[in-house]
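>>> sequence? don't have it. structure:
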């Protein structure tokens, strides 16, 4: 299968490998025990592999699909040896993800708009790394020569507004902030208005991570979208949900809830370097068929990476 190519720079690939180290160690230490004394891929090995993938938070449904694919490969080729299991696992997982009809980004590029700023609404619960992701994303866009403006519309938490102000100062981009307990849609309105007046390329608006019901979330985001569209009728161009990869299946539950409450058009999955649950990226990508645009594999700005399915699977399942 010609699924894997040289897509990342060596430095980025090394960072990705390092960021997934805990998950890889978890998978391969267990896999090593499962294949001791085995010469071929048999039912016992596949049962062990199924359990290993589930404990790496790949998810039950996605794991079953991967195992079924491997079973089919084994049935087609009776002579597959145990030494080929890594290669088969990598190829069949990559093939599964390649069928989910989502395009990978090539770099931190933004689609063309009708001479308007590209508007991103960022959603997600508190503590997932939402504000940090916005800061790193704005730094990456600025490094690409884009004119960026931030909007601090998570006005329910003073810490969220202050943190975003710090990132704006650090990156050197303007920010619109009205402070705590102000109207989030007013912040969004003023942010987009300023972006249009200043001919900005990208607008990134932080939204509340603590709206207690789906109805509140839907109403708040609907109101924000409505005021944005007074300036840019086809905005927002992207509603990005940020998930904490270290929470494993809890991230999947959050994705289900947010996709029920609003239209999510992309995902960013953070904190993969601190967990053995990095398989959740595969499960989320497979289940929701929503593009995973970015993954966080470390603390540095450059450790927010553009997600590429093949590179991810290659790093995760390479010893």
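Good, I have the coordinates. Remember, it's a predicted structure, so these values are computed and weren't measured experimentally.

>>> neighbours of residue 222, just the number please.
Number of residues near residue 222 (other C-beta atoms under 10 Å) recorded here: 11. For the C-beta atoms, the positions are set from N, CA and C on the backbone; glycine is no exception.

>>> Any idea what residue 40 is bridged to?
Listed by DSSP bridges, the beta-bridge partners for residue 40 are residue 81.

>>> Run a quick neighbour tally on residue 104.
Using other C-beta under 10 Å, residue 104 has 17 neighbouring residues.

>>> Please enumerate the strands of the protein.
Secondary structure of the chain, counting by DSSP state E: strands at 118-123, 148-152, 175-176, 202-206, 238-244, 266-270, 292-296, 304-306.

>>> As CSV, the ones you listed with distance to residue 11 would be great.
Listed next are those as CSV, based on distance: least, C-beta to C-beta, whole Å:
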stretch, distance to residue 11
strand 118-123, 26
strand 148-152, 24
strand 175-176, 30
strand 202-206, 24
strand 238-244, 24
strand 266-270, 20
strand 292-296, 16
strand 304-306, 11
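
>>> Pipe those into TSV and attach mean neighbour count, mean pLDDT and distance to residue 217 per row.
Shown next, in TSV, are the strands of the chain (neighbours: other C-beta atoms under 10 Å; pLDDT from 0 to 100; distance: least, C-beta to C-beta, whole Å):
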stretch	mean neighbour count	mean pLDDT	distance to residue 217
strand 118-123	25	96	8
strand 148-152	28	97	18
strand 175-176	22	98	22
strand 202-206	28	97	14
strand 238-244	24	96	11
strand 266-270	25	96	17
strand 292-296	24	95	21
strand 304-306	22	94	25
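
>>> In this protein, where is pLDDT below threshold?
1-8, 78-80, 211-212 (pLDDT under 70).

>>> Just give me the residue closest to the centre of it.
In the chain, the C-alpha nearest the mean C-alpha coordinate belongs to residue 268, at 2.5 Å (C-alpha atoms, centre = their mean).

>>> Cross-check the contact I'm expecting between it and residue 290.
No: using C-beta atoms under 8 Å, residue 268 is not in contact with residue 290, being 11.0 Å away.

>>> shared neighbours, the two?
Residues touching both residue 268 and residue 290 (C-beta atoms under 8 Å, 6 or more residues apart in numbering) are residue 241.

>>> Run a quick neighbour tally on residue 138.
By other C-beta under 10 Å, neighbour count at residue 138 equals 26.

>>> before we move on, the earlier item: is the residue nearest to the centre of the chain in a bridge, and if so with what?
Beta bridges link residue 268 to residue 242, residue 294 when assigned by DSSP bridges.

>>> distance of it from residue 122?
Counting by C-beta to C-beta, to the nearest Å, the separation of residue 268 from residue 122 is 8 Å.

>>> cool, and residue 229?
Look at residue 229 and residue 122: by C-beta to C-beta, they are 18 Å apart.

>>> And residue 14, by the same measure?
For residue 14, the distance to residue 122 - C-beta to C-beta - is 28 Å.

>>> Residues contacting the lengthiest helix in the chain, please?
In the chain, taking DSSP state H as the definition, the longest helix is helix 60-76. Here helix 60-76 makes contact (C-beta under 8 Å, 6+ apart) with 41, 46, 49-50, 53-54, 58, 80, 88-89, 92-93, 95-96, 282-283, 286-287.
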